Structures are given as structure tokens and as C-alpha cells.
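Provide a 3D model corresponding to the input given below.
(chains A and B)
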There are 2 protein chains.
Amino acid sequence: MGSDEVKRVSLAVIRRLPKYHKCLGELLQKNVERISSQELGRILGFTASQVRQDLNNFGEFGQQGYGYNVEQLYNEIAKILGLNTEHKMVIVGAGKLGQALAGYRDFERHGFKILAMFDVDPHLVGSKVRDVPVYDMNELIYYVNENEVDIAVIAVPRERAQEVADILSKTLVKGIWNFAPVEVDAGPNIIVENVHLLDSLLTLSYRMNESKLMDRLARKNEKKSGLAKIPAE
Amino acid sequence: MGSDEVKRVSLAVIRRLPKYHKCLGELLQKNVERISSQELGRILGFTASQVRQDLNNFGEFGQQGYGYNVEQLYNEIAKILGLNTEHKMVIVGAGKLGQALAGYRDFERHGFKILAMFDVDPHLVGSKVRDVPVYDMNELIYYVNENEVDIAVIAVPRERAQEVADILSKTLVKGIWNFAPVEVDAGPNIIVENVHLLDSLLTLSYRMNESKLMDRLARKNEKKSGLAKIPAE
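Residues are numbered from 1 along each chain as shown, chains lettered A, B, ... in the order given. Have a look, this model is predicted:
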């Protein structure tokens, strides 16, 4: 790989960036000016070398013996996350979930503005949820293109999700945030981010189960004694 | 570290387990009997060595030159994820989000049964959402302990989340699935899994921004030529 090429950053690293961003924002509010990779790692629960490796993906931020400039790093990560531009969103599906998302103020605070919701249900069309109007699905394509919406949220039942993605593939939308518990495809030009609620629930269930599980594994390993392989750190 | 000890599995590995589980379930439905780490990695987008390393955390599943037995691995991962036991859940907060979650059939399909919802709003108490009754918040502690509920979902506004966690800390609940956009603490005996919706949205925004960002980094690196550090794989 030549030195003028840039490696694609792994999704695992990307998913950690919002945590860095949040943590640095909190440090900034406490007027912390600089921080070492070690200390930043301690707060976030990563090793210092993990922190350095993560951030090295995006250029050279830290300085040997000085650490990171909190404000500079915060602003750089915001830029990396695309937070320096306002995003315009619509929610497709004005049912319970769509309405819950429309009521969530945290998104707007981070520059994600919800402009409108869309639904097929004539009882919902014409109503409003916290200032967000609900329009007819037939108006989706026109509205999205006319208003330069860049993100569409899919909040319809599983059975309708691909259909909605097909419609969105005909618009100028750049990203789909999919809450339906099924993978959707919207062609090569639209990025799809799936919200896997079940994965999160399974992680909880695993963690609740972990101590029992580890006891069981330890007993198994004891029996096999020397044969047991403990993966290295 | 002695060979009879078992290393705690990193959260990153744990978060990948549901993906293994889902993929193996699909293979099982297609009557695939065995699969190599390479092939499994290809489907999931990991390297073969990543797959082997992940699964080695939980014992020795694969066989050199044979690969993994799909059904056995599927069942083992189900056990690891705690899917071999039924979980009883309640949802605290019967607003839009709570109602949306109560209507989600995917959880029950995986053994997570939603028994009841709780709210302070007298207009909601006494109603039902898809067979799930809404009870008064005052009954929460009694109900959870009486019915051996092991998971409580927090679906109340940010300002009320810690208050609910405090109440839950007095119950026999083992896990909290927190949808409020704020960290909550429920003492040392209860596992809390936070659903970070904003993190997912930021990941989408990053991915939409990535090609532009990578171009910018590549140009920066070109200027610095030999000085640019590309982290190794």
C-alpha cells in the first residue's frame, strides 16, 4: 500500500468514534485542555494503545509527552462524524415508533433536523407530532428531492421496509437509518445503517448470563487442565 | 494467568455473537451441516482468523480440516447468549416508545416475553397494547418480584430514567435495557445495557461522509508524503 493511499477505517473503529466525541465534549465542558491517551482510555474503558491506534486512523492528533488537545480533537472528530453540517431527515412510518423518534430531542441537538413524517394511513396524514407534520407517502419522492433531505428513517413494519427502500432509491437521499428488523437494499448510492435492537437485547442477555457461563467454562478447562487454550490478551 | 482461569470476554466479541447466531440460524435453515471459519468469515465480513479467535473464547468448537458443525455451534452460541431460557420482561414507560417496543414481535420469537408495562399516567393505566396490560408505577416492585421478571426496559424520558433505575434497584430484576439517552446506575447487581440510538445515527452520518473524508486525508498524506503513517492491518 502506497503512502498516499488511505486505508478504509474498520466499522469497529467508527462505532467507537461517537464515544470519543461524547467524552471529549464532557471534558471540554469541564475546561480540560489536554488529555493523555492513557487517561482518555481509562475514562472510556480502552487501553492507551487502542486509543492511539483508533485516532491514528484519521491523522496525527497527539503529541508525544503532551497528549491530545481536547478542543482540537473534539472538533476534528465532529468533522469526521459529519457533525459540522446540518442533516435534514424525514421519517417514513408515522406509527408508534415513528412518533417516538419524532419526539426525541437529542437528534436535533446534534444537527439532525426532522422535517416531516410520511405514512399511508389517512388518519395520520395531516396530523402533527411535536411540530413535525405527517404527509402522504405519495409525496415522499417529491418532498425529499425538493427539500434536499439527506437521511430517511425507515420506521415501518418489517413487511413494508424493502418497499420503502425501493422508493427511497429513486430519491436523492444519501443515507437510510433502518429500524425495521430486516436488512434492506437501496442500491449502491445510498448508505444503510441498520438499528439492530435485538442484538442489543441479546448482548444484555449474554452479560446477565456471563458469570454462570464463565464458571462453566472454567470447570471445563480445569478438567482438561493443560490442554485448555486461553487466548492471549 | 493459570490455565484454570477464564478470561473475561471483551464486549466487542460479545457484540459480534448475535451476528454469528443469526448467520448460523440461516445456514441451518438451508440445511448446511458444516462450515469453515473462512466461509463463515466471508458471509459475516470478518477474516477467518477473527472468526476462530472470537469462537475460541468460548471453548474449542472447530476441527482442523473439517470446520464447524453448524447445528452444534448454533446451539452453543444460543446457550452462551442465554437464549435457552425464557426471559420475562416489563416495560417501564407506556408512551410512544414503550408502546412501539410492546408491539415488536421479534423479541418474543427469541424468548423475551413482555409481561406488562408500567406508567404514572392515569390515562394509560388500565389500557392494553397488543395484549400487554399497562399497570400503575406503584405496582412495579411488587409485580416484578412476584412474577420473577428478570429484565426491565426503561422507556421513560431522560429526566425520569435514574428515578426508575433507583426503583428497579430495589427489585430482583437482573438486567436493565435502557432506551433513555442518559446513563443510569442501578447498583452492582443489575446489568445495564444502554441503547445508544444517537451513536447509530452518528455512524450513519460518518459513513455518508467517509469518501469525502478519505479524499481529504489522502490529499493531506500526499503533501506530507513519506511522513504519513498508515496503521498496519
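
Buried residues of the longest helix anywhere in chain A, list them for me.
If you go by DSSP state H, chain A has its longest helix at helix A:197-224. For helix A:197-224, the neighbour count (16 or more other C-beta atoms under 10 Å in any protein chain shown) marks A:197-210, A:213-214, A:217, A:221 as buried. Any C-beta I mention is one placed from the backbone N, CA and C, and that applies to glycine too.

ok, now stretch A:34-51?
A:Arg34, A:Ile35, A:Ser36, A:Ser37, A:Glu39, A:Leu40, A:Gly41, A:Leu44, A:Phe46, A:Val51.

Out of the residues you listed, give me the two with the largest separation.
Using C-beta to C-beta, the two most remote members of the buried residues of stretch A:34-51 are A:Arg34 and A:Phe46, lying 18.1 Å apart.

so what are the domain limits for chain A?
Listed domain ranges for chain A are A:11-80, A:87-195, A:202-227 (source: automatic domain parsing).

Dump these into JSON lines; add distance to B:Phe58 as well.
Output for the domains of chain A, formatted as JSON lines (distance: least, C-beta to C-beta, whole Å):
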{"stretch": "domain A:11-80", "distance to B:Phe58": "19"}
{"stretch": "domain A:87-195", "distance to B:Phe58": "25"}
{"stretch": "domain A:202-227", "distance to B:Phe58": "7"}
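
Quick check: which of those domains is nearest to B:Asp131?
Nearest to B:Asp131 among those is domain A:87-195 (15.2 Å), distances taken as C-beta to C-beta.

Does the closest one reach chain B?
Yes - counting by C-beta under 8 Å from any C-beta of the partner chain, chain B has neighbours in domain A:87-195: A:87, A:95-97, A:99-100, A:103-104, A:106-107, A:110, A:112, A:150-151, A:174-175, A:177, A:181, A:191, A:193, A:195.

contacts for the lengthiest strand in chain A?
Counting residues, the longest strand in chain A under DSSP state E turns out to be strand A:112-119. Strand A:112-119 has contacts (C-beta atoms under 8 Å, 6 or more residues apart in numbering or on different chains) with A:86-95, A:98-99, A:101-102, A:107-108, A:125, A:129, A:132-137, A:139-140, A:143, A:147, A:149, A:151, B:201, B:205.

From the residues you listed, which land in strands?
Judged by DSSP E, the subset of the contacts of strand A:112-119 located in strands is A:87-92, A:129, A:132-136, A:151.

from the residues you listed, which has minimum pLDDT?
Among these, A:Val129 carries the weakest pLDDT, at 89.

Next, count neighbours for it.
Applying other C-beta atoms under 10 Å in any protein chain shown, we find 19 other residues in the vicinity of A:Val129.

Quick check: closest non-adjacent residue to it.
Sequence neighbours aside, A:Ala102 is the residue nearest to A:Val129 in space, at 4.4 Å (criterion: C-beta to C-beta, 6 or more residues apart in numbering or on different chains).

My understanding was that that neighbour contacts A:Arg130; is that so?
Yes - using C-beta atoms under 8 Å as the test, A:Ala102 is close enough to A:Arg130 to be in contact (5.9 Å).
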